[in-house]
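> the following comprises the amino acid sequence and a computationally predicted model.
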Amino acid sequence: LRAVLALAVGLAIVFVRELLRARLGAEVPFFFTWIAIFCTAWIGGIASAMVVAAVGLAYGQHVLSIHHERLLGPGAMVISALFAIAFALPAEIYHRATRRRKADAERYAELQLRMSKLARLNAMGELVGTLAHELNQPLTAILAYADVVQLQLAQEDVPAETLRELVQKVTKQGNRARDIVARVRASLSGTEVSLERQSLAQMLEEAVELSLASAVRDGVVVKYDLEPHADQVLADRIEIQQVMVNLLRNAAEAMAGARRREVHIKSRVVEGNMLECEVADCGPGIAPEILPNLFQPFATGKAHGMGIGLAVSRTIVEAHGGRIWADSTPGKGASFRFTLNRAEAMAAE
Ligand SMILES: Nc1ncnc2c1ncn2[C@@H]1O[C@H](COP(=O)(O)OP(=O)(O)OP(=O)(O)O)[C@@H](O)[C@H]1O
Ligand SMILES: [Mg+2]
């Protein structure tokens, strides 16, 4: 389509000279052609520019011939062709650089996404390893004490004091195991989030860039409908962007293969001091068998999904003092919403 437009513009410029024929006579037969080549190259690239160049040079010769002037010989034609290429060159260089930059950005975004997935997987593996390792000690101790109790019980006349001591030791180890689990849960729920003033719109834009860089190519259209009077929230930028990226990715993945692929991003003030952010798609909606466990780890409806995205998202949002939930209309789409505290609650924004 661009090429057609470029050709139309280029040829129009070439033949503008026709309107000025009476005034110009045989003067500047190629002048408009140079302008046309330059413009065509910017709009449609070098290929359309060369077509315009060929037409323009032929037209110039025609102008010369109807005014009985000497036509360009082969040597002059070659020089003219070189001129044509020179006029098209700046645009071509610029287009190439832009294409390269775009491809680089996409590759970078893909890479980053894959890295964040890997990091999540790594963190989980590490966590499970630590948990197993740390729990092993108290569990072994508990089993050993239980053995001793059993041996003691096999004997007659065991003093109650001895048994009480052993049971106390079991209780102590049991408590230790519970503390370990509690500590891991605390670190999982991200009590260390560092809340700072952030712009919701800016975080969203970056997340869109990160997650949809390649999906945009597949025609996912993003529509924003952001609250104009409230934008500042208290958030850990990286963490909240993880949430956004997963929601956007999920939406794009849900709409893969659909004819209409649109993501609606909305925000609005709720309860005065919270900002609610919504990511809605027009995919098939959430599968009913996933719905009850949607935010549980390992709930996935995808062949290669980990089912971690939403579980992590809920942990992150709740560590921020917000809430995340989903609505789904089968056949119409799914919508996820989460809330964050506003940076200037009640402020007269
Ligand atoms: N927008 C959506 N439309 C339809 N189903 C969805 C949508 N978002 C999530 N789901 C369902 O919820 C499941 C869980 O999503 P979640 O993000 O937690 O994991 P995942 O995308 O499968 O894997 P990953 O851990 O890589 O993100 C998905 O597998 C999918 O079945
Ligand atoms: Mg996901």
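Sure, I can see it. Numbers count the residues shown, from 1 in each chain. Ligands and ions are numbered 1, 2, ... in the order given.
> all contacts plus neighbour counts: C-alpha atoms, from now on.
Noted.
> against ligand 2, how distant is L113?
According to CA to the ion, to the nearest Å, L113 and ligand 2 sit 11 Å apart.
> thinking L310 is in contact with N246, fair?
Yes. Judged on CA atoms under 8 Å, L310 makes contact with N246 at a distance of 7.4 Å.
> is it correct that N273 is in contact with R342?
Yes. If you go by CA under 8 Å, N273 and R342 touch, sitting 5.5 Å apart.
> so between these two, which is more surrounded?
Just comparing N273 and R342: by other CA atoms under 10 Å the higher neighbour count belongs to R342, 25 against 18.
> which residues touch G283?
A251, A254, M255, A258, R261, G331, K332, G333, A334 (CA atoms under 8 Å, 6 or more residues apart in numbering).
> rerun that using 6 Å as the cut-off
Residues in contact with G283, defined by CA atoms under 6 Å, 6 or more residues apart in numbering, are A254, M255, G333.
> which one is the first one nearest to, not counting chain neighbours?
Counting by CA to CA, 6 or more residues apart in numbering, G283 is the residue found nearest to A254 once chain neighbours are left out, at 5.4 Å.
> so the one you found lies in a helix, does it not?
No. If the criterion is DSSP: H, G, I helix; E, B strand; the rest coil, then G283 is coil and not within a helix.
> ok, now how distant is it from L248?
From G283 across to L248, the span is 12 Å (CA to CA, to the nearest Å).
> how about V4?
35 Å.
> which of the two has more neighbours?
Ranked by neighbour count (other CA under 10 Å), V4 and L248 place L248 first, with 27 against 12.
> for that one, grab phi and psi.
When read as degrees, to the nearest 10, the backbone of L248 gives phi -70, psi -40.
> cool, and D327?
The phi/psi pair for D327 (degrees, to the nearest 10) is phi -130, psi 150.
> now the helices for the stretch 51-200 of the chain?
74-154, 160-188, 200-212 (DSSP state H, counting those that start in this stretch).
> in a markdown table: the ones you listed, plus distance to Q241.
Output for the helices of the stretch 51-200 of the chain, formatted as a markdown table (distance: least, CA to CA, whole Å):
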| stretch | distance to Q241 |
| --- | --- |
| helix 74-154 | 11 |
| helix 160-188 | 17 |
| helix 200-212 | 6 |
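> show me the contacts for the closest residue to R197 other than its chain neighbours.
Spatially, and ignoring its direct neighbours in sequence, R197 is nearest to L234 (4.8 Å; CA to CA, 6+ apart). Neighbouring residues of L234 by CA under 6 Å, 6+ apart: L195, E196, R197, N341, R342, A343.
> per-residue confidence at L188?
In this prediction, L188 carries a pLDDT score of 64.
> before we move on, what about V193?
For V193, pLDDT reads 68.
> closest one to ligand 1 out of the contacts of G283, please.
Within these, distances to ligand 1 taken as CA to the nearest ligand atom reach their minimum at A254, with 4.8 Å.
> quick check on R337: phi, psi?
Here is the backbone geometry of R337 (degrees, to the nearest 10): phi -130, psi 140.
> please name the nearest non-neighbouring residue to it.
Distance criterion CA to CA, 6+ apart; nearest residue to R337, sequence neighbours excluded, is E278 at 4.3 Å.
> could I get the phi/psi values of the one you found?
According to degrees, to the nearest 10, E278 has phi -120, psi 140.
> correct me if wrong: it contacts H264.
No. If you go by CA atoms under 6 Å, E278 and H264 don't touch, sitting 7.7 Å apart.
> so for the two, which residue has more residues nearby?
E278 (24 against 18).
> could you report the neighbour count for A154?
The number of residues packed near A154 is 10, by other CA under 10 Å.
> before we move on, the earlier item: so which of the helices of the stretch 51-200 of the chain is the most packed in?
helix 200-212 (a mean of 19; mean count of other CA atoms under 10 Å).
> so for it, mean pLDDT?
So the average pLDDT for helix 200-212 ends up being 87.
> mind listing what's buried along the next helix or strand after it?
Counting by DSSP states H and E, the next helix or strand C-terminal to helix 200-212 is strand 221-225. Buried residues in strand 221-225, counted by 16 or more other CA atoms under 10 Å: V222.
> so which elements touch strand 221-225?
Helices and strands touching strand 221-225, as assessed by 3 or more CA pairs under 6 Å, 6 or more residues apart in numbering; DSSP states H and E, comprise strand 262-270.
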